[in-house]
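>>> using only what follows, build the 3D model:
(one chain, ligands or ions: 2)
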Amino acid sequence: MALGLGCSAKPGKAKENRTGSWRTFRPEFMHEKCTKCGMCTQVCPEGCIGEDDLGFPVPDYDYCKGCGLCVEECPSQAIEMKKEEK
Ligand code: SF4
Ligand code: SF4
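Numbers count the residues shown, from 1 in each chain. Ligands and ions are numbered 1, 2, ... in the order given. Presented below is the predicted three-dimensional model:
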């Protein structure tokens, strides 16, 4: 089975599971620091980072599980993990 770059499961499976409910921390994207390099989109294991009309990354919090990989790999420190408020 072929998987997309950075994906550990098929997107359809993640959508069925709504992995966003696992999260205790959420990534917050600071567009003022973002260079639109696309690294976060590539490393996200849920494949849940899209982009807005200007090309900035936007996570889908229904499927983001809060793993923090995007924060670790962002070369511009443009993402921070914040405690989830429920
Ligand atoms: S924390 Fe970042 S890398 Fe992890 S699932 Fe959420 S958006 Fe993807
Ligand atoms: S990895 Fe960081 S700089 Fe690159 S697109 Fe994502 S948020 Fe922007």
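
>>> wait, isn't residue 28 in contact with residue 82?
Yes: taking contacts as CB atoms under 8 Å, residue 28 lies within contact range of residue 82: 5.1 Å. C-beta here means a position set from N, CA and C on the backbone, and glycine is covered the same way.

>>> show me where the chain has its strands.
25-29, 49-51, 57-59, 79-83 (DSSP state E).

>>> where does the protein dip in pLDDT?
Counting by pLDDT under 70, the ranges of the chain that qualify are 1-17, 19, 86.

>>> count of neighbours near residue 39?
Residues lying near residue 39 (other CB atoms under 10 Å) number 17.

>>> please disregard the earlier target; I meant residue 66.
Neighbour tally, residue 66, other CB under 10 Å: 19.

>>> contacting residues around it?
22-27, 81, 84 (CB atoms under 8 Å, 6 or more residues apart in numbering).

>>> picking up where we left off before, pick the most buried one from the strands of the chain.
Of all these, strand 57-59 has the most neighbours on average by mean count of other CB atoms under 10 Å, namely a mean of 20.

>>> other residues contacting that strand?
27, 29, 34, 36, 38, 40-41, 44, 48-52, 70.

>>> could I get these as CSV with distance to ligand 1?
Shown next, in CSV, are the contacts of strand 57-59 (distance: CB to the nearest ligand atom, whole Å):
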residue, distance to ligand 1
27, 4
29, 9
34, 14
36, 16
38, 13
40, 6
41, 9
44, 3
48, 5
49, 5
50, 10
51, 13
52, 14
70, 3
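
>>> need the strands of the chain in JSON lines with distance to residue 65, can you?
As requested, the strands of the chain are exported to JSON lines (distance: least, CB to CB, whole Å):
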{"stretch": "strand 25-29", "distance to residue 65": "10"}
{"stretch": "strand 49-51", "distance to residue 65": "12"}
{"stretch": "strand 57-59", "distance to residue 65": "11"}
{"stretch": "strand 79-83", "distance to residue 65": "12"}
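
>>> quick check: residue 78 vs ligand 2, distance?
4 Å (CB to the nearest ligand atom, to the nearest Å).

>>> find the nearest non-adjacent residue to that residue, please.
Among residues not flanking residue 78 along the chain, residue 33 sits closest, at 3.8 Å (CB to CB, 6 or more residues apart in numbering).
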